[in-house]
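> need the 3D shape of this:
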Amino acid sequence: MREISTDFVALKPDVIVASGTPAVGALKRATPSIPVVFVAVNEPVAQGFVASLARPRGNITGFIQTDFSTVGKSVEMLKAMAPTLNSVGLMYNPETYAFYDAYLERFQAEARWSMELKRVAVRVPPDIGLAVKDFASRAGAGLVVMVDAFAINQATIRRALEDYPLPHIVPWRSFVVSGGLMSYGPDVEDIFSRSADYVDRILKGAKPAELPVQAPTGYELAINLKTAKALGLDVPPLLLAIANEVIE
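Numbers count the residues shown, from 1 in each chain. Sure thing, here's the model as predicted:
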C-alpha cells in the first residue's frame, strides 16, 4: 500500500479515491495536499484521518462503512437467532482495526448480555480457519465477523464456517446469498456511488475540508432460512419481520 500510494502521488492526480483503512493510512502519510476521498472506512476520527466528521479540515474526506452501534445490533440479532448462545466471538484484524479492542472492552463493561464476548484475532488468511475451528469447539458459541478489510477473505471465511458450523452474522449480503446465515451492514454499492459525487465536486473546485464525512444512509438485514435450518435454528418472527431479504 505504501509503495502504491507513493506511485499514485507521484502522478500528481487531481483526486484519489481509496477504499479501506490500510490504503487511506498510506495515502495520509504520502501526501498532505492531494484530495483523497475514502470509501468504506471505519472511525476516521479515531484513526486520525480527519479532525471531525463535520469538519475534516485536511485533504481527506469520505464515507464511513459502519459505526459502533451496528456492532451491538449485530450481537443482539445473533442472540435473537440463537437464544442459547453463551459465548460470542468478534472476529477482526487487530493490526488494521485496533480500535475494535476498545469496543470489546466497552461491550464487556456494559454487560448488556448474559453471555461472554471474546476477541477472535485474525491477522492473515490462514488464521481464519484455525480461529473458527477453535471457537466452534466451544458449547453455545457464535461468531460476529466485523466490518474490516475482510471482504477479500469472504471465501475463506465461508469455507471455515462450512467446515466448522456455528451461528454467525457477517457484514456482507453476498455472503448470505452464497449460503451464510445472516448479514447486517450498509449497502456498499450505495456508498461507492455516493463517493462519485464528492469526486465530481472536488474536480469542480470544492475542498475536502469543506465536505463532511458521511455515514451510510441505511443498513440491511439478510437471512438464509436454509442455513438456519441446517444449524437447527428457528428464525424468530421478529427477525423475519425486520429483514430486508429472506433467502429460502
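> could you list the domains of this protein?
Annotated domains of the chain cover 2-66+187-210, 68-186+219-247 [automatic domain parsing].
> output these in a markdown table, with mean pLDDT appended to each entry.
Below are the domains of the chain laid out as a markdown table (pLDDT from 0 to 100):
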| stretch | mean pLDDT |
| --- | --- |
| domain 2-66+187-210 | 93 |
| domain 68-186+219-247 | 87 |
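> can you put the ones you listed in a markdown table and add mean neighbour count?
C-beta: built from backbone N, CA, C; applies to glycine. A markdown table is the format used below for these (neighbours: other Cβ atoms under 10 Å):
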| stretch | mean neighbour count |
| --- | --- |
| domain 2-66+187-210 | 17 |
| domain 68-186+219-247 | 18 |
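> got phi/psi on residue 119?
The phi/psi pair for residue 119 (degrees, to the nearest 10) reads phi -80, psi 130.
> got a list of what it touches?
Contacts for residue 119 (Cβ atoms under 8 Å, 6 or more residues apart in numbering) come out as 89-90, 92, 94, 100-101, 104.
> then the lengthiest helix in the chain to CSV, C-alphas only?
If you go by DSSP state H, the chain has its longest helix at helix 188-203. Only the C-alpha atoms of helix 188-203 are listed here, as CSV (Å, rounded to 0.1, in the frame of the first residue of the first chain):
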residue,chain,number,x,y,z
VAL,A,188,-21.8,-0.9,-0.1
GLU,A,189,-22.8,-0.1,-3.7
ASP,A,190,-24.7,2.9,-2.4
ILE,A,191,-21.6,4.1,-0.5
PHE,A,192,-19.4,3.8,-3.6
SER,A,193,-21.9,5.6,-5.9
ARG,A,194,-22.2,8.5,-3.4
SER,A,195,-18.5,8.9,-3.4
ALA,A,196,-18.6,9.8,-7.1
ASP,A,197,-20.5,13.0,-6.1
TYR,A,198,-17.6,14.1,-3.9
VAL,A,199,-15.1,13.4,-6.6
ASP,A,200,-17.2,15.5,-9.0
ARG,A,201,-17.4,18.4,-6.5
ILE,A,202,-13.7,18.3,-5.8
LEU,A,203,-12.9,18.3,-9.6
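> report all helices and strands that it contacts.
Applying 3 or more Cβ pairs under 8 Å, 6 or more residues apart in numbering; DSSP states H and E, we find helix 188-203 packed against strand 16-19, strand 36-41, strand 60-64.
> if we use 7 Å, what do you get?
The helices and strands touching helix 188-203, judged by 3 or more Cβ pairs under 7 Å, 6 or more residues apart in numbering; DSSP states H and E, are strand 36-41, strand 60-64.
> mind checking the SS state of the residue nearest the centre of the chain?
In the chain, the C-alpha nearest the mean C-alpha coordinate belongs to residue 147, at 1.3 Å (Cα atoms, centre = their mean). Counting by DSSP: H, G, I helix; E, B strand; the rest coil, the backbone at residue 147 sits in coil.
> from residue 167, how far off is it?
With distances taken as Cβ to Cβ, to the nearest Å, residue 147 is found 19 Å from residue 167.
> ok, back up a step: contacting residues for the residue nearest to the centre of the chain?
When contacts are counted by Cβ atoms under 7 Å, 6 or more residues apart in numbering, residue 147 is found next to 42, 65-66, 171, 185.
> same check, this time on residue 216
64-65, 186, 191.
> any idea how far residue 92 is from it?
For residue 216, the distance to residue 92 - Cβ to Cβ - is 19 Å.
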